[in-house]
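Chemist: got a predicted structure here, sequence first:
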Amino acid sequence: MTDTTGKSDLHSELASLKITRGTEATPTRRRLYIWLATTFVVVAASVALFLVFRDRLGTKTVETALVLSVQSGQEAPLFVATGTVTAPTTDTLAPRTPGRLLKRLVEEGDEVALGTPVAELDPIDLKLALNQAKADLASAEARVGTAKVTEKSAEVKRARAQKLFEASAGTESAAVDSALDLDSARAQLRVAIADLGQAQARLETAERNVAEATLRAPFHGVVLRVLAQPGDFVSTMAGQGVVQLADLSSLEVDAEVAEANIRRVALGMPVEVRLDAQPNRGVVGHVFSIRPNVDVAKATTIVKVRLDPLPANAKLPLFPGMNARVSFLAHEPDAQALGKAPTLEVPATAIVRQGSEEQLLTVDKDGRVKTTKVVTVSTDGDRVALKEGPPAGTSIVVNPDGIKSGDLINQRTK
């Protein structure tokens with residue numbers, strides 16, 4: 001006897017194991033794919049962030065200071081900034097009217113006195129304009145003379161017509177017409193006089209243009225740049241001209257002071273300026289302006305320093321654009337020590353001794369520490385003078401215990 005009930009149950013169980021490819025399985029699979037994709041993105045982003053910031057994980061905050069350039073016999077500066085020499089009195093010599101350059105009488109570096117001829121424009125067109133202005137003036141003068149004669153004639157006719165009218169020998173209309181003719185003559189005379197004034201002004205302008213075809217120095221200075229060559233057409237547009245002139249007798253320095261040091265700057269504060277081109281000679285100056293804005297990219301503001309007059313026998317090349325180091329001082333510098341070479345000083349606690357070798361841990365702009373060999377010459381309290389070492393302004397680790405070359409640190413300026 002066949003067990004039909006058992007076969008039916010087995011058939012039902014096998015049917016339940018079949019994979020259904022209908023619409024009910026699609027949402028589940030889609031959710032699975034979304035979950036897998038999201039997980040992959042999160043893991044990839046985490047790995048990328050780790051690779052980017054792994055150097056910063058556990059970065060120490062370390063106290064740092066700067067290598068200072070100290071003048072012998074003077075106190076250490078409050079801080080040091082980089083600066084650029086500028087000339088407050090500059091001028092680009094250009095003509096009042098555009099023209100072609102005929103001659104240039106100076107070269108770059110030439111010193112010129114007030115009123116010295118610097119260049120000459122081709123005067124042909126200017127002289128033609130002058131001749132035309134003279135002819136226009138003569139014509140205007142002739143028109144004024146004619147208008148005066150016409151006015152005089154109209155006055156005579158007006159008087160005769162009025163007299164005849166009053167004696168009943170003339171008509172009223174004739175008297176009125178003569179009055180109108182007189183008014184017209186006087187108006188024409190006023191127009192002629194106005195034209196004469198304009199002609200005189202044009203003549204004066206043409207004469208001045210001819211005279212100024214020779215460009216002259218407006219002050220005593222030095223030619224910084226030559227902007228045009230003979231034959232060039234010189235326009236009157238801003239920034240264009242023949243030469244650029246500067247007065248080098250009163251130079252200034254624009255010092256870029258870090259935001260953290262702005263509170264220490266005061267008007268009249270003494271400074272010592274040392275040019276990169278001649279670091280063994282110092283120049284005294286004083287703060288006279290603090291620019292009221294900050295360069296966001298550099299986190300600095302400009303402090304303007306006016307240099308004191310140099311001695312007559314001083315041989316120091318000072319030109320706009322030169323780089324300098326500006327030491328801000330608490331007291332006036334020692335004038336006798338300015339001619340001596342400065343020394344480099346660092347905090348004594350920054351020196352690392354490895355056997356007979358002395359080192360500093362310098363910090364680059366990215367916060368990476370590097371070992372730099374130094375040679376010390378003397379110790380003054382808590383500071384050490386260097387014979388050899390990194391340049392002034394270099395950032396160094398003050399207390400280097402636990403810090404080694406290659407470490408990445410956060411700086412806390414002392």
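Modeler: Perfect, thanks for sending it. No experiment lies behind these values; they were computed from the predicted model shown.

Chemist: next SSE after the helix or strand harbouring Val42?
Modeler: If you go by DSSP states H and E, Val42 is part of helix 26-53. Scanning forward in sequence from helix 26-53 by DSSP H and E, the next helix or strand is strand 60-66.

Chemist: mind listing the strands that following strand pairs with, and their directions?
Modeler: Applying DSSP bridges, strand 60-66 is found paired with strand 395-397 (antiparallel), strand 409-413 (parallel).

Chemist: who touches the longest one?
Modeler: Looking back up the chat, that one is strand 409-413. 59-66, 260, 363, 367, 369, 395, 397, 403 (C-beta atoms under 8 Å, 6 or more residues apart in numbering). C-beta coordinates here come from the backbone N, C-alpha and C atoms, glycine included.

Chemist: in it, what counts as buried?
Modeler: Neighbour counts over strand 409-413 (16 or more other C-beta atoms under 10 Å) mark Ile409 as buried.

Chemist: state the mean pLDDT of that strand.
Modeler: Confidence for strand 409-413, expressed as mean pLDDT, is 76.

Chemist: off-centre distance for it?
Modeler: Remark: strand 409-413 is offset 31 Å from the chain centroid, using C-alpha atoms, centre = their mean, to the nearest Å.

Chemist: gap between stretch 234-252 and the chain center?
Modeler: What separates the centre of stretch 234-252 from the centre of its chain is 15 Å, taken as C-alpha atoms, centre = their mean.

Chemist: kindly provide the distance from Val283 to Arg100.
Modeler: 43 Å (C-beta to C-beta, to the nearest Å).

Chemist: more neighbours: which of these two?
Modeler: Val283 (25 against 14; other C-beta atoms under 10 Å).

Chemist: coming back round to it: what's the closest of the contacts of strand 409-413 to Gln132?
Modeler: Gln132 lies nearest to Ala260 out of these, by C-beta to C-beta, at 66.3 Å.

Chemist: tell me the contacts of Ala206?
Modeler: 126, 129-130, 132-134 are the contacts of Ala206 under C-beta under 8 Å, 6+ apart.

Chemist: out of those residues, which are buried?
Modeler: Buried members of the contacts of Ala206, counted by 16+ other C-beta under 10 Å: 126, 129-130, 133.

Chemist: before we move on, the earlier item: of the strands paired with strand 60-66, which is nearest Ser168?
Modeler: Smallest distance to Ser168 across those (C-beta to C-beta): 110.6 Å, for strand 409-413.

Chemist: just the element for Ala206, please.
Modeler: Using DSSP H and E, Ala206 sits within helix 172-211.

Chemist: what do you get for Pro230?
Modeler: Under DSSP H and E, no helix or strand contains Pro230.

Chemist: quick one: which of the contacts of strand 409-413 is nearest Asn323?
Modeler: Asn323 lies nearest to Leu66 out of the contacts of strand 409-413, by C-beta to C-beta, at 17.2 Å.

Chemist: wait, Val303 touches Ala266, no?
Modeler: No - judged on C-beta atoms under 8 Å, Val303 makes no contact with Ala266 at a distance of 10.1 Å.

Chemist: overlap of the contact sets of these two?
Modeler: Contacts common to Val303 and Ala266, judged by C-beta under 8 Å, 6+ apart, are Val287.

Chemist: looking at these two, which one has more neighbours?
Modeler: Neighbours were counted for Val303 and for Ala266 using other C-beta under 10 Å; Val303 has more, 25 against 9.

Chemist: so what's the more buried one bridging to?
Modeler: Ala255, Ile290.

Chemist: so what's it up against?
Modeler: 81, 254-255, 257, 265, 287, 289-291.
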